[in-house]
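Asker: Need coordinates for the following:
(chains A and B)
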Amino acid sequence: MLTRIGAADGTPISFSFDGQPIAAVDGDSVAAALLKAGQRVLRASTVSGAPRGPFCMMGVCFECLIEVDGVTNRQACMVRASSGMVVRRQDNTAGALIA
Amino acid sequence: MTHYDVAVVGAGPAGMSAAIESARWGFSTVLFDEQAAPGGQIYRAVEHASPQMLGVLGDDYASGKSLVAEFRDSGAVYLPGATVWNIGSELQINFSRLGTSSEVSAGSLIVASGAVERPTPMPGWTLPGVVTAGACQILLKAHGLIDDNVIFIGSGPLLWLISSQMIVAGRKPTAIVETVPLARYGVALRKLSLDLTAIKYLRKGAAMMWAAKRAGVPIYRDAREIAIEGTGRAEAVSFHANGQYHRLEASLFALHQGVVPNQQITRLLQCEHEWNQHQRCFVPVLDSYGEESVSNVFVVGDGAGIGGAKVAALQGRRAAKRIAQRAGEEVGTELADLQTRLSREMTIRPFLETLYAPSAAVVAPADTTTVCRCEEMTAGQIRQAVDIGVPGPNQVKSLLRSGMGPCQGRMCGLAVAEIIAQRQGGSPCGADYYRIRPPLKPLPLSELASFNGASTDSSQVQGAPSHD
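Answerer: Numbers count the residues shown, from 1 in each chain, chains lettered A, B, ... in the order given. Model (predicted):
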């Protein structure tokens, strides 16, 4: 479980993840906020549909691709979370794209 | 189109130092960085770090604060949140910022895009709950987040650094599983040339290891046959150490096998690269001032070969001074002084590179291990391709799609080059590397469609706040 050290002096914010409210602190990336909330799985892999989650947290691995406010394939570790954001898991499997 | 004398990519110690020095010589200077605040990964979020956080992260991290302040005051135009996605042969730079793409041109380019973690293919490394050690440090630096049940696995100074930082924060890691073969210590010691700088680095390293021991963190040395296990998410790591089989459960598993240059920009520019067997990675071929085979392109910091934060800062200064010298400025002994300081900072590297060379298992993964995470290609599939005569990474890419997914080869490129070379019985210096093409990062088609190259509205650039 991830816990925050020191005083959480940031402004509390909230966004939704697959319809569920996620409490975060202003300045959190979407990926950090989701990991903090215990959400480890952000997408299904393209070929086998295996679950994937944040890996590098610095914009390199593209494992944390996610839908933010209707835009797909955003890097959750590079997007700053903001109040009211609508975030959804995406299914990138080849089958899902064709369907 | 806005023109700058000098454009810098990356706001870590190398990029910030280059921009400071460039602005000091009176060059119009722009710095592009993907993050929201300066510092790079090493000094990430240092600007507004609390005294408590500075205490946890240590003096080397805290020293970044003054560099960031100097950069803020340098007069260089700073564009945070900017992703450079193409650089043309005339140094036209295309970048995406706030959902819009723009173009500027530059007289000289200083690439300071740093390092990425070496790919660490092993069984189970794609499971959710497996991250890099660097990711743990980013969570800590940028968000103050620490997992209370994390196991660090691999090799390199970063494992000991993040562990010691967690211990200071009162949350020690669950275990450290190190892959360094015990025989390596003797070999590495013979590469050690002891001078004051090397002793300083050794002291820091010993203190970090001692901190883990004193805190009672279970440390497993010379671990082999490592696998992350779990269904749907990582649940345990299994390995052999001290002649015994171990299986440890945790909630987060952090892998590390050192860092390697981020090659995306230098490959895009078709700069010459060579295989560095000591660092076990490709590095750009540079002259003694950090200039590429492509003229007016300099590479500084870890992207030029791994040297760490202090070396990066010195290289950044050196490149900008070289540009000044070339423009007819009198730089006196400044360049020579920098060269002396640089060679002093580098004396520890042969020791570190030998001791922390990547484990045999990650450079030669088992046939069933996934190497390309995006397209889910295994080491065995790559070997089979070589066996039917596929000559190099680009042909493997055409055949198997490895390197063609969203990460554009960042996570598998080195591993694929190594696997191909081994199978062919050579070293990767003979093998090629993925050809890197624009856009360097995926862009929405709508953004590309509304991008109009050279006639870009320059307000995107000129109006950019340098203090935001």
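
Asker: residues near A:Ser83, how many?
Answerer: Look at A:Ser83: counted by other Cβ atoms under 10 Å in any protein chain shown, it has 11 neighbours. Every C-beta, even on glycine, is put in place using the N, C-alpha and C of the backbone.

Asker: Would you check that it makes contact with A:Phe15?
Answerer: Yes. Taking Cβ atoms under 8 Å as the contact criterion, A:Ser83 and A:Phe15 are neighbours in contact, 6.6 Å apart.

Asker: tell me the helices in chain A, going along the chain?
Answerer: Taking DSSP state H, the helices of chain A run over residues A:30-36, A:94-98.

Asker: Is the longest one positioned near chain B?
Answerer: Yes. If you take Cβ under 8 Å from any Cβ of the partner chain as the test, helix A:30-36 does meet chain B, through A:Ala32, A:Leu35, A:Lys36.

Asker: ok, and the closest non-adjacent residue to the second one?
Answerer: Nearest non-adjacent residue to A:Leu35, counting by Cβ to Cβ, 6 or more residues apart in numbering or on different chains: A:Leu2, 5.7 Å away.

Asker: ok so, going back, between the helices of chain A, which gets the lowest average pLDDT?
Answerer: Here the helices of chain A differ in mean pLDDT, and the lowest is helix A:94-98 at a mean of 57.

Asker: How about the contacts made by residue 92?
Answerer: Answering for chain A, as no chain was given. The contact partners of A:Asn92, by Cβ atoms under 8 Å, 6 or more residues apart in numbering or on different chains, come to A:Arg43, A:Ala44, A:Ser45, A:Thr46, A:Leu65.

Asker: Can you look at chain B instead?
Answerer: With Cβ under 8 Å, 6+ apart as the criterion, the residues that contact B:Gln92 are B:Met1, B:Glu103, B:Val104, B:Ser105, B:Gly453, B:Ala454.

Asker: List phi and psi for it.
Answerer: When quoted as degrees, to the nearest 10, the phi and psi of B:Gln92 stand at phi -80, psi 130.

Asker: what does the model give it for pLDDT?
Answerer: We have a pLDDT of 97 for B:Gln92.

Asker: what's stretch B:315-334 in contact with?
Answerer: Contacts to stretch B:315-334, defined as Cβ under 8 Å, 6+ apart, come from residues B:5-6, B:13-22, B:24-25, B:27, B:108, B:110, B:112, B:289-291, B:298, B:300-301, B:304, B:307, B:335, B:338-339, B:342.

Asker: same check, this time on stretch B:46-54
Answerer: When contacts are defined by Cβ under 8 Å, 6+ apart, stretch B:46-54 is touched by residues A:5-7, A:9, B:37-39, B:57, B:61-62, B:64-65, B:68-69, B:141, B:144.

Asker: same check, this time on stretch A:11-19
Answerer: Residues outside stretch A:11-19 that contact it (Cβ under 8 Å, 6+ apart) are A:21-26, A:28, A:30, A:33-34, A:37, A:39, A:81-89.

Asker: And those residues, which of them are buried?
Answerer: Among these, those that count as buried by neighbour count (16 or more other Cβ atoms under 10 Å in any protein chain shown) are A:22, A:24-25, A:28, A:30, A:33-34, A:39, A:81, A:85, A:87-89.

Asker: Go through the residues you listed and say which is closest to chain B.
Answerer: Of all the buried ones among the contacts of stretch A:11-19, the one with the least separation from chain B (Cβ to the nearest Cβ) is A:Asp28, at 5.7 Å.

Asker: now stretch B:423-443: how far from the chain's centre is it?
Answerer: Average the C-alpha atoms of stretch B:423-443, do the same for its chain, and the two points are 17 Å apart (Cα atoms, centre = their mean, to the nearest Å).

Asker: which regions of chain A sit below the pLDDT cut-off?
Answerer: Low-confidence segments of chain A, defined by pLDDT under 70, are located at A:7-9, A:94-99.

Asker: next one: the stretch 351-468 of chain B
Answerer: Along the stretch 351-468 of chain B, segments meeting pLDDT under 70 span B:430-431, B:454-468.

Asker: ok so, going back, now rank the residues of helix A:30-36 next to chain B by neighbours and give me the top one.
Answerer: Highest neighbour count within the residues of helix A:30-36 next to chain B: A:Leu35, with 30 neighbours (other Cβ under 10 Å).

Asker: if I look at that residue, how far off is B:Ala135?
Answerer: Separation of A:Leu35 from B:Ala135 (Cβ to Cβ, to the nearest Å): 9 Å.
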